[in-house]
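Chemist: Quick one, what's the 3D model for this:
(one chain, ligands or ions: 1)
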Amino acid sequence: MNAFEMNLDGLVGPTHNYAGLSYGNIASLSNESEASNPKEAAKQGLKKMKALADMGFRQGILLPHERPAIWALRELGFTGSDAEVLAKVAKQNPAILSAVSSASCMWTANAGTISPSGDTADGRVHFTAANLNAKFHRSIEHPTTTRMLKAIFGDERHFSHHNALPAVSFFGDEGAANHTRFCGDYASKGVELFVYGQEAFNQNAPRPTIFPARQSLEASQAIARLHGLGERETVFALQKPETIDAGVFHNDVIAVGNRNVLFYHQKAFAETQAVLIELQDKLGEVPLIAVKVPTDEVSVQDAVRSYLFNSQLLNLDDDTMMLVVPGECREVESVSHFLDRLIEDSSNPINRVEVFDLKQSMRNGGGPACLRLRVALTETEYQAMHQGVILTDDLFSRLNDWVDRHYRDSLAQADLADPQLLIESRQALDELTRLTGVGDIYPFQL
Ligand code: SUG
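Modeler: Residues are numbered from 1 along each chain as shown. Reported below is the predicted structural model:
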């Protein structure tokens with residue numbers, strides 16, 4: 001059966017800004033209050049999508065959410081017209097306005113966890129939107145994400161959707177950023193690796209001491225149950241707590257995998273050998289290729305600065321793979337040298353590196369892998385999904401034109417209170433739902 005991995009990238013929204021909202025995410029904290037450029041951010045993302053689509057990879061988009069989220073402000077007791085709500089929150093608590101204005105849904109690796117049909121008990125593709133409850137600005141994403149995923153993957157013969165987990169830190173779930181699926185080919189049964197930062201119901205278990213662990217073991221186990229994954233299809237691994245304290249707020253900042261290849265840092269997991277042995281055991285005949293990056297070649301700090309592991313690992317053909325990395329990887333010397341050695345070394349399948357300028361997103365801690373949600377699909381499932389979000393040449397040029405007409409090229413924190421920004425954003429999103437044909441998914445449309 002023909003099956004493949006599709007990437008759904010988050011289209012950057014018109015309110016993209018730097019508000020320093022993510023304690024534990026070093027880039028977000030260090031760029032707080034800088035002016036952003038939403039137009040450039042959206043174009044940088046589109047350029048990466050188009051380049052990968054042109055190379056033959058299946059590529060689609062997820063739409064930005066409604067921001068500022070006036071509905072969320074109303075739930076917090078702000079009343080009056082939309083303009084009055086904005087004026088009140090800007091005066092009483094501008095930090096809340098920043099939070100409800102974040103374009104953070106662009107990092108679709110956090111949109112949800114997807115289990116392909118080859119792995120699940122009922123043979124359907126399963127989706128669970130992530131509750132993202134570790135940060136308020138992200139906790140308001142899942143209702144729209146769920147509506148959007150249902151609009152795109154609506155055919156119940158092939159797709160099954162679950163609600164986000166209970167919104168408490170004990171079930172903190174950050175979606176695919178802590179989930180990697182290994183397999184021989186995409187259609188056959190695979191093994192899903194869930195990496196967690198804390199065992200929430202066991203206070204004596206190891207956990208980071210400085211920054212919060214966003215993903216809990218119990219959340220990962222719940223997703224596996226909901227998706228109908230058996231014991232033989234799952235591996236649960238603790239992320240090394242000290243790496244979370246060093247700024248590795250998701251596993252996808254320290255490891256990336258594709259098919260039977262795991263590219264990982266020596267310090268990614270608390271019990272590396274046990275993880276590798278269990279993965280190999282459950283993969284059976286399929287040989288796991290584990291490509292380790294040793295600490296003495298690339299420190300955890302350089303991995304975080306460069307976002308080396310927040311790369312996309314993509315098949316070029318049956319035997320070789322390509323790494324799609326952010327430009328910062330060529331700016332950090334240890335990482336740049338490592339990449340040169342990696343592609344020369346024929347003992348691993350990675351023989352090409354493609355570099356993209358994603359600075360606008362990187363300044364908030366989002367690299368190439370954060371910007372995409374992977375969905376492994378068979379050809380039949382691909383045909384059953386909503387086709388209007390698939391990146392064709394035509395959609396690409398329409399989206400560029402749409403960005404040119406609706407986006408600002410500079411946004412500072414003070415601009416978030418501008419009622420005109422809300423009007424512009426809603427107009428843009430309303431047009432986008434028509435352009436992609438996804439239907440009404442935003443609170444202002446419902
Ligand atoms: O959740 N940054 C995001 C970055 C998410 C990256 N995703 C993955 N690694 N998969 C976060 O911390 C910063 C927003 C601000 O500060 O304005 C932010 O939300």
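Chemist: which parts of the stretch 301-446 of the chain sit against the ligand?
Modeler: Within the stretch 301-446 of the chain, the positions near the ligand by C-beta under 6 Å from any ligand atom are 364-366, 370. Every C-beta, even on glycine, is put in place using the N, C-alpha and C of the backbone.
Chemist: Could you dump the residues you listed into CSV with secondary structure, neighbour count and pLDDT added?
Modeler: Output for these, formatted as CSV (DSSP: H, G, I helix; E, B strand; the rest coil; neighbours: other C-beta atoms under 10 Å; pLDDT from 0 to 100):
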residue, secondary structure, neighbour count, pLDDT
Asn364, coil, 28, 98
Gly365, coil, 25, 97
Gly366, coil, 28, 98
Cys370, coil, 28, 98
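Chemist: In the residues you listed, find the pair that's most separated.
Modeler: The two members of these with the most space between them (C-beta to C-beta) are Asn364 and Cys370, at 9.1 Å.
Chemist: contacts for stretch 140-157?
Modeler: Stretch 140-157 is contacted from outside by 8, 60, 62-63, 65-66, 69, 72, 100, 104-105, 110-112, 124-125, 127, 129-132, 159, 161, 163-164, 375, 384-386, 389, 438-439, 441-443, using C-beta atoms under 8 Å, 6 or more residues apart in numbering.
Chemist: ok, and for it, which residues are buried?
Modeler: Neighbour-count burial for stretch 140-157, counted by 16 or more other C-beta atoms under 10 Å, picks out 140-153.
Chemist: check contacts around Ser311.
Modeler: By C-beta under 8 Å, 6+ apart, the contact set of Ser311 is 256, 263, 323-326, 329, 367-369.
Chemist: Same question for Ala176.
Modeler: 109-114, 252, 373-374.
Chemist: pLDDT score for Val324?
Modeler: Looking at Val324, its pLDDT reads 98.
Chemist: so it makes contact with Gln312?
Modeler: Yes. Applying C-beta atoms under 8 Å as the test, Val324 and Gln312 come out as touching, 4.0 Å apart.
Chemist: where do the helices sit along the stretch 51-200 of the chain?
Modeler: Taking DSSP state H, counting those that start in this stretch to define them, one finds helices in the stretch 51-200 of the chain at 70-75, 82-92, 94-101, 136-139, 142-152.
Chemist: between the ones you listed, which one is nearest to Thr243?
Modeler: Closest to Thr243 of the helices of the stretch 51-200 of the chain is helix 136-139 (C-beta to C-beta; 20.6 Å).
Chemist: is the closest one up against the ligand anywhere?
Modeler: Yes. Under the criterion of C-beta under 6 Å from any ligand atom, the ligand is reached by helix 136-139 at Arg138.
Chemist: Cross-reference the contacts of Ala176 with the strands and report the matches.
Modeler: 112-114, 373-374 (DSSP state E).
Chemist: Need those in JSON lines (columns: neighbour count and pLDDT).
Modeler: Below are these laid out as JSON lines (neighbours: other C-beta atoms under 10 Å; pLDDT from 0 to 100):
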{"residue": "Gly112", "neighbour count": "29", "pLDDT": "99"}
{"residue": "Thr113", "neighbour count": "28", "pLDDT": "99"}
{"residue": "Ile114", "neighbour count": "25", "pLDDT": "98"}
{"residue": "Leu373", "neighbour count": "26", "pLDDT": "99"}
{"residue": "Arg374", "neighbour count": "20", "pLDDT": "98"}
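Chemist: Between these, which sits nearest the ligand?
Modeler: Nearest to the ligand among the ones in strands among the contacts of Ala176: Leu373, at 9.7 Å, using C-beta to the nearest ligand atom.
Chemist: what's the spacing between the nearest residue to Glu66 once chain neighbours are set aside and the ligand?
Modeler: Using C-beta to C-beta, 6 or more residues apart in numbering and skipping residues adjacent in sequence, the residue nearest Glu66 is Tyr442, 4.4 Å away. The gap separating Tyr442 from the ligand is 20 Å, by C-beta to the nearest ligand atom, to the nearest Å.
Chemist: Kindly report the same for Arg214.
Modeler: From Arg214 across to the ligand, the span is 8 Å (C-beta to the nearest ligand atom).
Chemist: Skip the chain neighbours and tell me the closest residue to that residue.
Modeler: Per C-beta to C-beta, 6+ apart, closest to Arg214 is Ala134, 4.1 Å.
Chemist: which residues touch the one you found?
Modeler: Here Ala134 is in contact with 169, 172, 174, 212, 214 (C-beta under 8 Å, 6+ apart).
Chemist: Counting neighbours, which of the residues you listed comes out on top?
Modeler: Of all the contacts of Ala134, Glu174 has the most neighbours under the rule other C-beta atoms under 10 Å, reaching 32 neighbours.
Chemist: what sits against that residue?
Modeler: Contacts of Glu174 (C-beta under 8 Å, 6+ apart): 110, 130, 132, 134, 214-215, 250.
Chemist: again, only using 6 Å
Modeler: Neighbouring residues of Glu174 by C-beta atoms under 6 Å, 6 or more residues apart in numbering: 110, 130, 214-215, 250.
Chemist: Which residue, other than its chain neighbours, is closest to the residue in the stretch 201-350 of the chain that the ligand sits nearest to?
Modeler: Here the residue of the stretch 201-350 of the chain nearest the ligand is His250; by C-beta to the nearest ligand atom that distance is 4.0 Å. Nearest residue to His250, sequence neighbours excluded (C-beta to C-beta, 6+ apart): Ala177, at 3.9 Å.
Chemist: What ranges does the stretch 151-300 of the chain have for its strands?
Modeler: For the stretch 151-300 of the chain, applying DSSP state E, counting those that start in this stretch gives strands covering 159-162, 179-182, 191-196, 234-238, 255-258, 261-265, 289-293.
Chemist: so can I have TSV of these showing mean neighbour count and distance to the ligand?
Modeler: Putting those into TSV (neighbours: other C-beta atoms under 10 Å; distance: least, C-beta to the nearest ligand atom, whole Å) gives the following:
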stretch	mean neighbour count	distance to the ligand
strand 159-162	19	20
strand 179-182	24	10
strand 191-196	24	12
strand 234-238	21	17
strand 255-258	23	11
strand 261-265	23	14
strand 289-293	18	17
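Chemist: between the ones you listed, which gets nearest to Val300?
Modeler: Smallest distance to Val300 across the strands of the stretch 151-300 of the chain (C-beta to C-beta): 6.7 Å, for strand 261-265.
Chemist: Partner strands of the closest one, with direction?
Modeler: Looking at strand 261-265 with DSSP bridges, its partner strands are strand 255-258 (antiparallel), strand 289-293 (parallel).
Chemist: Let me see the mean pLDDT of it.
Modeler: 98.
Chemist: so what's Phe171 up against?
Modeler: 165, 219.
Chemist: Before we move on, what's the pLDDT of Thr145?
Modeler: On the pLDDT scale, Thr145 is placed at 98.
Chemist: and the strand or helix carrying Leu8, anywhere near the ligand?
Modeler: Following DSSP states H and E, one finds Leu8 within strand 3-10. No. On the criterion C-beta under 6 Å from any ligand atom, strand 3-10 is out of touch with the ligand, staying 9.9 Å away.
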